[in-house]
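Colleague: Generate coordinates for the sequence data below:
(one chain, ligands or ions: 2)
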Amino acid sequence: MKTFRLNVIPGDGIGVDVIREGRRVLDRIAEVSGGISFQYHELPWSCEYYLKHGKMMPADGMAILRDCDAILLGAVGFPGVPDHISLRQLLLPIRVEFDQYVNMRPVKMLPGLNSPLKNETMDFVCIRENSEGEYCGKGEWKNHGQADEMVMQHSIFTRKGTERILRYAFEYAKKNGKNHLLSATKSNALNYSMVFWDQIYDEVRQDYPDMTSAKMHVDALAGYFIMHPDRLQVVVASNLFGDILTDLGSAMLGSIGISPSGNINPARKYPSMFEPIHGSAPDIAGKGIANPMGTFWAISMMLEHLDCKEEADQIMTAMQHVLREGKAVTQDIGGKASTTEMTDAILAVL
Ligand code: NAI
Ligand code: MG
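Modeller: Residues are numbered from 1 along each chain as shown. Ligands and ions are numbered 1, 2, ... in the order given. Presented below is the predicted three-dimensional model:
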């Protein structure tokens, strides 16, 4: 029997609902597999925690978090606590300090999804830089409240950070039988960061002569997502561009509640973190109607990362079964089921 130790951060809003259901799926997987089990260490770090303690996690939070096989996160952020606090005091430190420099986000149309693009072939992956770039948090705010007030928001692109994400994307493509890669740029307007990104891209691609690859300005690429999703295989993008493109990718599947996100430390020196791509959705929090699929898909990615491919596939198969039946799906994808009812249906298949 192999026991995986999971640090679980439900967070805020619907994060709490979807993680509760995610644990039910994991428990069922453990039950049916017979060979694996999960030990959960649930951490209350959230905006509620911030309002009580003045910080999103305790001072030794990162040490506590490190001690596990993987981290499962719901979402953080709630009205009353500025979003940059929940992001900068919890999410970003985890991604940066645990060197989770790859953010892996599949965009795959599952049969049964009722999106306007449901008849398109869509099975690609976005690989987003996750540790620097536009989200480095550096800048300056001068002359508060004055007529000459100004802010500067910097980006940091290092050779190491840029090269490793581009190389990871090419390697991923090669290992997964994909022969086409697109790099998102905007070097016409961003005359330092994206010119540099393009230059490193040109260097790295030399090592992959069998791969066809191209760069595309991110605005054009957004249009391309909609017009030609069937032509996409691997998309590599900076932190900000990848963030935006992958919300688009999830919406193309029919709802932002569907897609997962893996924050990966490829060296496996630190734990990787898995989460749905959506946020805490204050507008539907507490209503019991959040789509839990993004979390289940994230759990499937986590199991694959933990070398439990068979169990990972079982979750995807069960989800697709429920989608195809179409009876127990949540409102955002055209059904009437609650979060719990949709989970019940998936558990029944499992
Ligand atoms: P959001 O993803 O929470 O919500 C956007 C829209 O999608 C809302 O209408 C919401 O109801 C809907 N939605 C999201 N997830 C859904 C689900 N599972 N099922 C059905 N509908 C769903 O993004 P928003 O509104 O920009 O941000 C809300 C809060 O979440 C903010 O505080 C933000 O900072 C935080 N956030 C946190 C993230 C994280 O923890 N990784 C990621 C994105 C946002
Ligand atoms: Mg986002």
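Colleague: So for residue 294, what's the nearest residue that isn't a sequence neighbour?
Modeller: residue 276 (2.9 Å; C-beta to C-beta, 6 or more residues apart in numbering). Every C-beta, even on glycine, is put in place using the N, C-alpha and C of the backbone.
Colleague: again, but for residue 4
Modeller: residue 69 (4.5 Å).
Colleague: list the contacts for the one you found?
Modeller: Residue 69 makes contact with 4-6, 271, 306 under the criterion C-beta atoms under 8 Å, 6 or more residues apart in numbering.
Colleague: Got a ChimeraX select line for the buried ones in those residues?
Modeller: Selecting only the buried members of the contacts of residue 69 in ChimeraX, with burial defined as 16 or more other C-beta atoms under 10 Å, works like this:
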select :4,6,271,306
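Colleague: Backbone dihedrals for the nearest residue to residue 16 once chain neighbours are set aside, both of them.
Modeller: Counting by C-beta to C-beta, 6+ apart, residue 10 is the residue found nearest to residue 16 once chain neighbours are left out, at 4.4 Å. Backbone torsions of residue 10, given as degrees, to the nearest 10, read phi -60, psi -40.
Colleague: begin at 676 from here
Modeller: All right, first residue 676 from here; so that's residue 685.
Colleague: which residues touch residue 685?
Modeller: Residue 685 makes contacts with 691, 694-695, 717, 721, 749, as judged by C-beta under 8 Å, 6+ apart.
Colleague: Tell me the one of those nearest ligand 1?
Modeller: Closest to ligand 1 out of these is residue 749 (7.3 Å), distances taken as C-beta to the nearest ligand atom.
Colleague: List the buried residues in the helix or strand hosting that closest one.
Modeller: According to DSSP states H and E, residue 749 maps onto strand 745-750. Under the neighbour-count criterion of 16+ other C-beta under 10 Å, strand 745-750 has 745-750 buried.
Colleague: Mind giving me the packing neighbours of that strand?
Modeller: Contacts defined by 3 or more C-beta pairs under 8 Å, 6 or more residues apart in numbering; DSSP states H and E place strand 745-750 against strand 677-686, helix 689-708, strand 947-951, helix 968-980.
Colleague: quick one, what contacts residue 964?
Modeller: By C-beta under 8 Å, 6+ apart, the contact set of residue 964 is 1005-1007, 1013-1014.
Colleague: Go through the helices and strands packed on strand 745-750 and name the closest to residue 781.
Modeller: Each of the helices and strands packed on strand 745-750 has some distance to residue 781 by C-beta to C-beta; the shortest is helix 968-980, at 7.8 Å.
Colleague: Moving C-terminal from that closest one, which element do we reach first?
Modeller: Counting by DSSP H and E, the next helix or strand C-terminal to helix 968-980 is helix 984-1000.
Colleague: Would you reformat the contacts of residue 964 as JSON lines and include neighbour count, pLDDT and distance to ligand 1?
Modeller: JSON lines is the format used below for these (neighbours: other C-beta atoms under 10 Å; pLDDT from 0 to 100; distance: C-beta to the nearest ligand atom, whole Å):
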{"residue": "1005", "neighbour count": "23", "pLDDT": "97", "distance to ligand 1": "6"}
{"residue": "1006", "neighbour count": "16", "pLDDT": "96", "distance to ligand 1": "7"}
{"residue": "1007", "neighbour count": "18", "pLDDT": "95", "distance to ligand 1": "4"}
{"residue": "1013", "neighbour count": "18", "pLDDT": "98", "distance to ligand 1": "11"}
{"residue": "1014", "neighbour count": "23", "pLDDT": "98", "distance to ligand 1": "8"}
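Colleague: Put together JSON lines for those, with secondary structure on each row.
Modeller: Below are the contacts of residue 964 laid out as JSON lines (DSSP: H, G, I helix; E, B strand; the rest coil):
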{"residue": "1005", "secondary structure": "strand"}
{"residue": "1006", "secondary structure": "helix"}
{"residue": "1007", "secondary structure": "helix"}
{"residue": "1013", "secondary structure": "coil"}
{"residue": "1014", "secondary structure": "helix"}
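Colleague: Let me have those residues in JSON lines, adding distance to residue 845 as columns.
Modeller: Supplementary listing: the contacts of residue 964 in JSON lines, determined by distance: C-beta to C-beta, whole Å:
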{"residue": "1005", "distance to residue 845": "37"}
{"residue": "1006", "distance to residue 845": "40"}
{"residue": "1007", "distance to residue 845": "35"}
{"residue": "1013", "distance to residue 845": "43"}
{"residue": "1014", "distance to residue 845": "39"}
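Colleague: And for residue 789, nearest residue in space, chain neighbours not counted?
Modeller: Per C-beta to C-beta, 6+ apart, closest to residue 789 is residue 1009, 4.7 Å.
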